[in-house]
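[1] This is a predicted model, with the sequence first.
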Amino acid sequence: MALKATIFKTTLQIADMDRHYYHDHRFTIARHPSETDERMMVRLLAFSLNANDQLTFTRGISTEDEPDLWQKSLSDEIELWIDLGQPDEKRIKKACARSGKVIIYCFSDRSSPIWWQQINGKLKRFRNLSVIYLQADATRKLGGMVDRQMQLQYSIQDSEVWVSNGEESVEIAVTEWM
């Protein structure tokens, strides 16, 4: 018997001082059975860092042809492609060819630097690619904030993010590798 996705009701209150974006978002998010709490919370963080009315969650982890999040134009062209983790060069090349902008969020303190060292030189040709590293200890703390009904506040300023659920908060440094 296949496991089903776990459903979470989520409210995000985003105050992004860098982009002058102040908005609340309410949605239902599904966590794939193979997805960890930490990864799901990094998806929410990636949404908050790039939030706008056209940015949406995709089928993500269960679909090879889609990123974790994307923003499409009215003519169905992919404007922004957001992946999490450490995709291979082939997937990155495909994403850069299909989208106006690609962002990869890495969050593992052990494997991300090794992945980056191995793939870094191969990615320099992609002008529409950004690679962002999120501190692993902070993303693990985010994973501990998971609840079936979440109300999260995101304050973003100067490459720092403060996430709070009303009881605890986490500060996350956003480091641009590329």
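    Arrived safely, thanks for sending.

[2] give me the number of residues near residue 44?
    Number of residues near residue 44 (other C-beta atoms under 10 Å) recorded here: 24. To be clear about C-beta, it is placed using only N, CA and C from the backbone, and glycine gets the same treatment.

[3] Please report phi then psi for it.
    Backbone torsions of residue 44, given as degrees, to the nearest 10, read phi -60, psi -40.

[4] Residue 48 reaches residue 12, doesn't it?
    Yes. Contact criterion C-beta atoms under 8 Å: residue 48 and residue 12 qualify, at 6.0 Å.

[5] The two - which one has more neighbours?
    More crowded of residue 48 and residue 12, by other C-beta under 10 Å: residue 48, with 24 against 20.

[6] Mind telling me what element the closest residue to residue 51 other than its chain neighbours is part of?
    Of all residues not flanking residue 51 in the chain, residue 14 sits nearest, at 5.2 Å (C-beta to C-beta, 6 or more residues apart in numbering). Counting by DSSP states H and E, the element that carries residue 14 is strand 6-16.

[7] Export that strand to CSV, keeping only CA atoms.
    Extracted C-alpha coordinates of strand 6-16, given in CSV (Å, rounded to 0.1, in the frame of the first residue of the first chain):
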residue,chain,number,x,y,z
THR,A,6,0.6,14.7,4.6
ILE,A,7,-1.4,17.9,4.3
PHE,A,8,-0.5,21.2,6.1
LYS,A,9,-2.6,24.4,6.3
THR,A,10,-0.2,27.3,6.1
THR,A,11,-0.3,31.0,6.6
LEU,A,12,2.8,33.0,5.7
GLN,A,13,3.2,36.6,6.7
ILE,A,14,6.1,38.0,4.6
ALA,A,15,7.8,41.3,5.3
ASP,A,16,10.7,41.5,2.7
